[in-house]
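> Build the 3D model from these lines:
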Amino acid sequence: SLFHALKNTPELFQNVEAIVAPAGQFPAEFSYLRAGALHLWLFGYELADTVLAFKLPNLVYAFTSQNKINILTQLKCENVVLQTLLKTKDIEEKKQTMLQLQELVGGSGATVGGFPKDSANYTGAFFNLWNATTSLKEVDVSAGLAETMATKNESEIETMKTSARLSSYTLGRYFFDEMTRMIDEDRPVSHEKFSQKIEKLFTTEGGFDWVKKLDMKSLDVGALELAYPPIIMSGGQYDLRVTAASDTKKLHPGIIIAEIGARYKSYCTNVARTYMIDPTDKQEANYRFLCELYQELLTKHIHAGAKTNQIYEAAQNYIKENRPDLESHFLKNVGFGTGIIFRESAYLLSPKADRPLKPGMTLNLVLGLQNLKDPGATDPKSKVYALMLSDTVIVPLQGQSPEVITNASKKFDEISFFFKEEGQDDKTGKESGNHVDLTSEVTPKKKSKSSSESRRTPASHERSRDRGVGRRVRTRSGNDPGFGEDTMDDRRREHQRKLAETKQREGMERFEGGEGMKQAKKTTVRKFESYKNAALLPRDVVFERIFLDVKAETIILPIFGVPTPFHISTLKNVSKSGEEGEMVQLRLNFVTPTTLKGSENLGFGDRE
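Numbers count the residues shown, from 1 in each chain. The predicted structure follows:
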């Protein structure tokens, strides 16, 4: 499809006949570079220290290492001719091959398509040598590539839906449970530490146990990661830009905004929600209006053929007609295209962009109101607040409704919370007697004619804590807005039941047959396991380099170019010899069943 776009829509690619995409060493994390996106789109893998060139009518040149050439030559594509150029270790040979590739795509000074903005992010000797050796004139074709990649096929849509389900679960279940627990126990952590806890879920250290709850048997956990560090905001300081980050201030009961994006097989989705604790009538009205605006855009304006600027203009007009007081608080855009690149700037839903939407495109719809004031708040951290909603949607044909693939609840009754101060009168906030019942059931708060009578001020919360009165946070509807119907108490009881059954079974097996403690004295075989499957290998393992995974207690060695893990328990000793300049010879001796007495206890099993 890339050659098809080059040939049939040359204006998108500034009328070039060749695209050259050099890539160096990729940044450590959360990088979205055009050359890397092109690699992922074509091969499902980022090729570091590689130059790819595409020339009409159907020629692909790949200048890379032998290992990557072996991978590329296994790929077959009709009507495309692949020519590989081997990258050696000799610098002069590299230079000559680079000049050869330059001649193949047009010669010195030829104009080719490229991605100039990538240059500031790639590093490494190979990338620097390419820039110093070649003299091609590069024009930016990022917009053309963005339009070519924008429409997703069925396989890509399924991958996006899987990513969306992971985003929704992380926000709607894990974040929700942790947030309410912290507030219930009055032990909030900083936004930054909360974000880091969520990040841990997407690492081998986190174990991926939470994924099992989704019953996604075909899920490849090795292809699961975050699209960006989760963003959590509260306490009067809100930044609704895509570049925002969680700060070091502690989670504050009030208006809490959370944004989480998962990335599965390199495809990104995003979801954001606002959670409200003891909201005022004005805050409730503003949030409900934001939901109305969301439905207006979703049902009437997001479809094939609509232009990106028209969607933003429709949002502005709706605000002017219905809530002109909120116009100055509205964001400068209402979202962007998403996919392999998290934020596709070519499809920014703003007044300045005018690209038409196509069926099968995926958008991140983002609606927000910022710098809103609550002058009646007695808590200084509640005087300024913001509201935000975001979902990932699939653009439909005209006349059809978009499909929202992130599904965390946004109903006001399920995202609004309240503190029930037990043992106190609802209207006066005074204790109903000398006895304070700490175990009384918490019930939803009912709307009264005067809402101020039924609400608590932050000061009353402080008095409640001083008396030792317990507090619990609940939604107005009493429902859990996350995934599933089970509560934390239900899951805790289920876990305790399973644990008791396991312990009982182990005890019966241990003492079965009247042998009692005799069996306990049997030799225990100490087994070890580095990774359950190859997908759990660290993502930063580099081919042809020794890598030490401290967390897994594993050393990963390149055996014939393939990263091979060895648990540290199997390593007998290491010696170093033959130092010559920058070269050194390492000798690693491993334990085997025939070289160490008692090695049968290391998990080798029967020597026969």
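> ok, the residue lying closest to residue 13 once chain neighbours are set aside - contacts?
Of all residues not flanking residue 13 in the chain, residue 144 sits nearest, at 4.1 Å (C-beta to C-beta, 6 or more residues apart in numbering). All C-beta atoms are positioned from the backbone trio N, CA, C, and that covers glycine. The contact partners of residue 144, by C-beta atoms under 8 Å, 6 or more residues apart in numbering, come to 5, 6, 9, 12, 13, 14, 113.
> Dihedrals phi and psi, the third one?
Phi and psi for residue 9, reported as degrees, to the nearest 10, are phi -130, psi 60.
> hey, what's residue 559 bridged with?
residue 562 (DSSP bridges).
> Roughly how far does it sit from residue 583?
20 Å (C-beta to C-beta, to the nearest Å).
> CA-only coordinates of stretch 263-280, as CSV, when you get a sec.
Output of stretch 263-280 as CSV, limited to C-alpha atoms (Å, rounded to 0.1, in the frame of the first residue of the first chain):
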residue,chain,number,x,y,z
ARG,A,263,0.0,-0.3,23.8
TYR,A,264,-0.5,-3.8,22.4
LYS,A,265,1.6,-5.1,19.5
SER,A,266,2.6,-1.4,19.0
TYR,A,267,-1.0,-0.2,18.7
CYS,A,268,-2.1,2.5,21.2
THR,A,269,-5.4,3.3,22.8
ASN,A,270,-6.3,5.8,25.5
VAL,A,271,-9.0,6.5,28.0
ALA,A,272,-9.4,9.3,30.6
ARG,A,273,-12.1,9.9,33.2
THR,A,274,-12.9,12.5,35.9
TYR,A,275,-13.8,11.2,39.4
MET,A,276,-15.7,13.6,41.6
ILE,A,277,-15.8,13.5,45.4
ASP,A,278,-18.6,15.6,47.0
PRO,A,279,-19.2,17.6,43.9
THR,A,280,-21.2,20.8,44.0
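> For the residue nearest to the spatial centre of the chain, which non-adjacent residue is spatially closest?
The centre of the chain sits closest to residue 226, judged by C-alpha atoms, centre = their mean, with a distance of 2.2 Å. Leaving aside its sequence neighbours, residue 226 sits nearest to residue 202 (C-beta to C-beta, 6+ apart; 5.0 Å).
> Equivalent analysis for residue 24, please.
Closest to residue 24 by C-beta to C-beta, 6+ apart is residue 127, at 2.7 Å.
> Would you mind listing the residues in contact with that neighbour?
22, 23, 24, 25, 49.
> Using ChimeraX, define a selection of the buried residues within those residues.
Of those, the buried ones can be selected in ChimeraX as follows, counting by 16 or more other C-beta atoms under 10 Å:
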select :22,23,24,49
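> for the contacts of residue 127, which one is nearest residue 192?
Of all the contacts of residue 127, residue 192 sits closest to residue 25, with 27.5 Å by C-beta to C-beta.
> Flag every buried residue along whichever helix or strand the residue nearest to residue 24 is part of.
In the assignment (DSSP states H and E), residue 127 maps to helix 125-133. Buried residues in helix 125-133, counted by 16+ other C-beta under 10 Å: 126, 127, 129, 130, 133.
> pLDDT on it, on average?
For helix 125-133, the mean per-residue pLDDT is 94.
> For the stretch 101-250 of the chain, just list every one of the helices.
Secondary structure of the stretch 101-250 of the chain, counting by DSSP state H, counting those that start in this stretch: helices at 125-133, 142-150, 154-169, 176-184, 191-201.
> Which other helices and strands does the one helix or strand residue 94 maps to contact?
When elements are assigned from DSSP H and E, residue 94 belongs to helix 91-104. Helix 91-104 makes packing contacts with strand 50-55, strand 59-64, strand 81-86, helix 125-133 when contacts are defined by 3 or more C-beta pairs under 8 Å, 6 or more residues apart in numbering; DSSP states H and E.
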